[in-house]
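Visitor: Just need the structure, nothing else, for what follows:
(2 chains)
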Amino acid sequence: MTAIAFPVPRADILARRDEIIAGLARLVPHEALITSANECKAFETDAFTAYRRMPLAVVLPSSTEEVSAVLAYLSAQGVPVVPRGAGTSLCGGSTPQEDAVILGVSRLNRILEVDYPNRVVRVQAGVTNLGISNAVDADGFFYAPDPSSQLACTIAGNIGMNSGGAHCLKYGVTTNNLMGVRAVLLDGTVVDIGGAHCDAPGLDHLGLICGSEGQLAIVTEATVRILKKAEGARPVLFGFASAEAAGECVAAIIGAGIIPVAMEFMDKQAIAIVEDFAKAGYPLEAEALLIIEVEGSDTEMDDALARIVAIARRHGVETIRESKSAMETAAIWKGRKSAFGATGRIADYICMDGTVPTGQLAHVLRETDAIVKKYGLRVANVFHAGDGNMHPLILYNVNDPAEAAKAEAAGMDILRLCVDVGGCLTGEHGVGIEKRDLMPHQFAKADLDQQMAIRAVFDPAWLLNPAKVFPLEGRN
Amino acid sequence: MTGHSPTTEAGVIAAVAAARAAKTPLRIVGGGTRQTIGRPVAAPATLSLAGLTGITLYEPAEMVIGARAGTPLAEVEAALAEKGQMLPFEPVDHRGLLGTVGTPTIGTIAAGNLSGPRRISAGAARDSLIGVRFVNGKGEAIKAGGRVMKNVTGLDLVKLQSGAWGTLGPLTEVIFKVLPRPETARTLLIRGLDDARAVAALSAALTTPFEVSGAAHLPKGADSVTLMRIEGFAPSLAYRGAALAGLLRPYGAVETLEAAETATLWQGLAALSPLAGAGATLAVWRLSVRPSDGPATVAEIGRTVAIAGHYYDWGGGLVWLAVPAEGDGGAFAIRGAVAARGGHATLIHAPADLRAAVPVFHPEGEALGRLSEGLRRSVDPDRLFNPGLMG
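Guide: Take a look at the predicted model:
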C-alpha cells in the first residue's frame, strides 16, 4: 500500500546525516544512539505496518536533560523529530520519515513516586501502561485507562494519543486520568504542567498536550490518578437475534441509570472467528453478543446484574450466561480478549476506530457490512458498545496489493460514514498518517487552520512528528 | 459603552467583525453572575451571550446534551432531571459568595471549568465537556470535539476552551456528556476533627473502592464536621455505608445523614455556602493543592495572614480561604505557601482595586506564560476577547 503520501525527504538533511549523528553523539551516551541500518530497521514502522520508512537515526535518552539537549540541538539544526513510545500505534503515529530522528522514550522507565493517600503516581514517560498498575497492584490500586496494548504501550504514547480502553465508559480516557506532565518543548525548554493537585491555574496546557500526537512537546514524566480496585467484577454474556435488539438493550441499561464498567459488542462474524479459536462457548447462532461487566461487592453485583438481566429479557435476549465463578469469568472474557489475535489467524486485517452516536450503531453496522461487501471483502465487528467507539476489522490478504488497496478504501468509506452520522474519525487510536487525509471530512478549513495556528505556537517550522494529523496540502 | 446582544452565532460573528474593524475589545458576558471574577477588563464594548439560548441536542440513551452558550444552567439541569440524569461535575454557583444576582448560563460553566464537590469522583467540567463551538478573533465559527464521548480527532481545543474564561473567544454552543442521577445518597459525618486528622479521614475514605463522591471538611474548632458522600442504588449504598463507617471508626463516631439532608448539604457546598456573604471586607481565595498538603498550607498562611474563615473540599485538595481584603489580600503569603508545595491559588472574590493590583490567576511562570500568550494570539490576533482578564 502506498496511497498515503509522505513529505519529500529534505536532501540537505540527508546530506548532513554524519554531521547530525556526530552532534547527537556528543549529547547522549553511545548506547543511546542507534545509527546502523540493521538496528534502525526495528524502528521503521509501528503497529500500522503497511507503511515503513527508515529513520535518519534513533536516539533513546534516559533523562529529561538528555531529551532537552537532543531537542534543542535538532531544532536548531532544523531536523524533524518523530517521538516514539513502544511503537504500538495502529494509525502510524510513530511512522518515521527518512530525514527525521526518532526520539524514543523506552529508557525513561522508572516509577518515581507512589502516593497512596493522594491517589497519584509519578512515572517517567517510558513506563508501560500496565507497569503503572503492576506497581500498585499489590496494594489494591490500579491505573484505569486500559488500551488492548497495555502490556507494551507506554504512558508517553497513551498521552500522545489520549488512549482509551474497554473500561472508559466508567473511568474515562487518558486525559481524564492525567494530572500532570514534565514536558520538553522543541527548543529544549523543560516545563512542568499540573501535578498531584487538580486543574490548571490558567489555560489548560495539559488538556491540549494530551492527544496532540507528539506534535507539541515531548513528555518525559507523568503524574496520573490511581484508583482503588473494586472488590470484585463479574461479566454476563447475552446473545441477541439482531444488532438492533442488542443496541436497544444497551440504551435501556443506561436509561435505567446503570453504568456497567464494560459493555462489549461482537457481531456474528466475530463470534464465529473467536469461538473457533478460544472455544469460549459463545452462542454461534446469535447475530450479536454483548459482554456486560459490573463491579463491586457480591451484594452489589447481584443487585446490578439482576437489573441488567431483567432489561435484557425485555429486549428479547436469547442467550444469557452469568458467570458464577472465576473460571467462568475468564472463559467469557477469553473470547473477547483474543478477538484481534483470533482474527489475525484467519486473515490480515485493518482495524478502524470511528465513534458514532450509540443510537446509530445498528444503522452503521448494516452500512459497514454493505461497504465491505461492495469491495468483495469481509468484516468482523468487536467494539465498546457503551460509548459508540466501533472497531470494524476488515479482513484481507496483505500479500495481494489490489486487495490491500480495497481494504484501505473500504476503511476510509467506513470512517466517512462515522462522521456523516454525527461521529468522528477516531475514538482512541489517533489520526496519525492513517486518517490524516480524511481530516477535511470532519473539519472545515477554518477549524483545521485554527488547530494548525495553535500547533504553530509550539512548532512553527513543522519539525515535531510533521507528517501526521494534518493534510500535507494547505498547511500554513 | 456599546453592547452587543446577538441571538444567533451569526450575530456573534457580526459583533466580533465590528469589534475587529473598530479595534475595540469586547467584555464577554453570560448570565452576569461572575463578572467580578478575574482582573478588571478595560473593554469599551460588551458581548452578551445571554440571547443565545436553547437546548440543541439531548439524547438520554447516549448520555449527551448540547445547548447554546447562553442557555440558563437551570434549564439544562431541569431537562436532565426529567430523564433522571445530571451534569456529573456538580457545577459551582458563585452568586452567594460574590453577592451577585442573575441567571448562571451553561456557557460560563464550560468557559470557567466550574466544578463542584463531585469533581473528586466524576472529574471536572472540562472532563465532561466533549464539544464546543466558538468564534475566533478573525470572526470565524470554529468547531472542536463533537457529540460522541470518545473522540481523539485533532487537537483537543475543547479542553483548551474550558478554563479560558472567554479569552480564547466566545463560546456559542457547548456539549456535555452526562450521567444517570443516583437513585439515592447518604453522607457520613464525623464531628470534632482538626484539619489534619480530617483530611486523613477523607483520604482513608477516598482510598477505598466505595466510590466516595464528596469529601469535605468544615472547620469550626470543636464543632468541625467532616463529610463524606456516597451515591447509588439503595442495596449498594447500604453495603458501602456500613463498610465505610466501620473503616472510619478510628477517626470518631460516624453519623449518617439520609438522602434529603445529603442533597441540601452538598447543594450548599456547591454554592460555596460556608463563605457566602463574604462582602467587601474579605478576599476569598481558591487553592488547589495535593490533598494531604492542605492543612499545612493553611497553617503556614495563618502565621502571617489573619484567616477569617476556610474550608476544604475535594478530600482536602481544594481550600477556600477568606482573608481581610487589605494590602495585597494575602497574595504574597498564600502564593508562597502554595508554590513551596506545588499547586495554585486564584483570587475569586475581592474588590476591583485589589483584583487590579495582584494577579488574580496564579502566575504561570515564564515558559508557560509565553505559550499562553502565543495561544491567545493564535486564536485572537487583535486581543479582542476579555483582554487582561486572566493576567
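
Visitor: Output the below-cut-off pLDDT ranges for chain B.
Guide: Judged against pLDDT under 70, chain B has no low-scoring part.

Visitor: How about it: which residue is closest to chain A?
Guide: B:K159 (2.6 Å; C-beta to the nearest C-beta). C-beta coordinates here come from the backbone N, C-alpha and C atoms, glycine included.

Visitor: Contacts only, for that residue.
Guide: Neighbouring residues of B:K159 by C-beta atoms under 8 Å, 6 or more residues apart in numbering or on different chains: A:T175, A:D204, A:L206, A:G207, A:L208, A:C210, B:R126, B:L129.

Visitor: Secondary structure and distance to B:G329 for the residues you listed - can I get that in JSON lines?
Guide: Conversion of these to JSON lines gives the following (DSSP: H, G, I helix; E, B strand; the rest coil; distance: C-beta to C-beta, whole Å):
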{"residue": "A:T175", "secondary structure": "helix", "distance to B:G329": "34"}
{"residue": "A:D204", "secondary structure": "coil", "distance to B:G329": "25"}
{"residue": "A:L206", "secondary structure": "helix", "distance to B:G329": "28"}
{"residue": "A:G207", "secondary structure": "helix", "distance to B:G329": "29"}
{"residue": "A:L208", "secondary structure": "helix", "distance to B:G329": "30"}
{"residue": "A:C210", "secondary structure": "coil", "distance to B:G329": "34"}
{"residue": "B:R126", "secondary structure": "helix", "distance to B:G329": "27"}
{"residue": "B:L129", "secondary structure": "strand", "distance to B:G329": "31"}
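
Visitor: Dump these into CSV; add neighbour count and distance to A:R107 as well.
Guide: Below are these laid out as CSV (neighbours: other C-beta atoms under 10 Å in any protein chain shown; distance: C-beta to C-beta, whole Å):
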residue, neighbour count, distance to A:R107
A:T175, 26, 25
A:D204, 25, 30
A:L206, 23, 24
A:G207, 30, 28
A:L208, 26, 27
A:C210, 27, 22
B:R126, 27, 33
B:L129, 27, 36
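
Visitor: with these in mind, which one is nearest to A:K279?
Guide: A:T175 (38.2 Å; C-beta to C-beta).

Visitor: so that closest one touches A:L208, yeah?
Guide: No. A:T175 lies out of contact with A:L208 (C-beta atoms under 8 Å); the separation is 9.9 Å.

Visitor: Next, show the common contact partners of the two.
Guide: In contact with both A:T175 and A:L208: B:D156, B:K159, using C-beta under 8 Å, 6+ apart.

Visitor: roughly how far apart are B:A42 and B:G99?
Guide: From B:A42 over to B:G99 the distance is 23 Å, taken as C-beta to C-beta, to the nearest Å.

Visitor: show me what contacts the residue lying closest to A:D353 once chain neighbours are set aside?
Guide: With C-beta to C-beta, 6 or more residues apart in numbering or on different chains as the criterion, A:D353 has its nearest non-adjacent residue at 4.1 Å, and that residue is A:H429. Taking C-beta under 8 Å, 6+ apart as the contact definition, A:H429 lies against A:S89, A:L90, A:C91, A:M161, A:C351, A:D353, B:V152.

Visitor: do B:R376 as well
Guide: Neighbouring residues of B:R376 by C-beta under 8 Å, 6+ apart: B:T167, B:L168, B:R383.

Visitor: give me the subset of those touching chain A.
Guide: Applying C-beta under 8 Å from any C-beta of the partner chain, the subset of the contacts of B:R376 adjacent to chain A comprises B:L168.

Visitor: Buried ones among the contacts of B:R376?
Guide: Buried by 16 or more other C-beta atoms under 10 Å in any protein chain shown: B:T167, B:L168, out of those.

Visitor: Now flag whichever of the contacts of B:R376 is closest to A:G344.
Guide: Comparing those against A:G344 with C-beta to C-beta places B:L168 closest, at 44.3 Å.

Visitor: returning to that earlier point: neighbour count: B:A42 and B:G99, which is higher?
Guide: Each of B:A42 and B:G99 has its neighbours counted (other C-beta atoms under 10 Å in any protein chain shown); B:G99 has more, 14 against 10.

Visitor: Isn't the more buried one up against B:T281?
Guide: No. At 12.0 Å, B:G99 does not count as touching B:T281 under the criterion of C-beta under 8 Å.

Visitor: on that earlier part again, now do the same for the residue of chain B closest to chain A: helix, strand or coil?
Guide: helix (DSSP: H, G, I helix; E, B strand; the rest coil).

Visitor: Okay, it and B:G145: tell me how far apart.
Guide: Taken as C-beta to C-beta, the span from B:K159 to B:G145 is 9 Å.

Visitor: and A:T299, that one's in a helix?
Guide: Yes. Applying three-state DSSP, one finds A:T299 inside a helix.

Visitor: excluding its backbone neighbours, what's nearest it?
Guide: Nearest non-adjacent residue to A:T299, counting by C-beta to C-beta, 6+ apart: B:Y239, 5.0 Å away.

Visitor: Who are the contact partners of the one you found?
Guide: Residues in contact with B:Y239 (C-beta under 8 Å, 6+ apart) are A:G296, A:S297, A:T299, A:E300.

Visitor: Just the buried ones from the residues you listed?
Guide: Buried by 16+ other C-beta under 10 Å: A:G296, A:S297, A:E300, out of the contacts of B:Y239.

Visitor: ok, and of those, which contact chain B?
Guide: Okay, of those touching chain B (C-beta under 8 Å from any C-beta), that's A:G296, A:S297, A:E300.

Visitor: quick one: which of the residues you listed is nearest to chain B?
Guide: The shortest approach to chain B among these belongs to A:E300, at 4.4 Å (C-beta to the nearest C-beta).

Visitor: which ones are touching the closest one?
Guide: By C-beta under 8 Å, 6+ apart, the residues touching A:E300 are A:V294, B:F233, B:P235, B:S236, B:Y239, B:R240.

Visitor: Any chance of CSV for those residues, columns distance to B:G342?
Guide: Shown next, in CSV, are the contacts of A:E300 (distance: C-beta to C-beta, whole Å):
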residue, distance to B:G342
A:V294, 37
B:F233, 38
B:P235, 41
B:S236, 36
B:Y239, 37
B:R240, 32
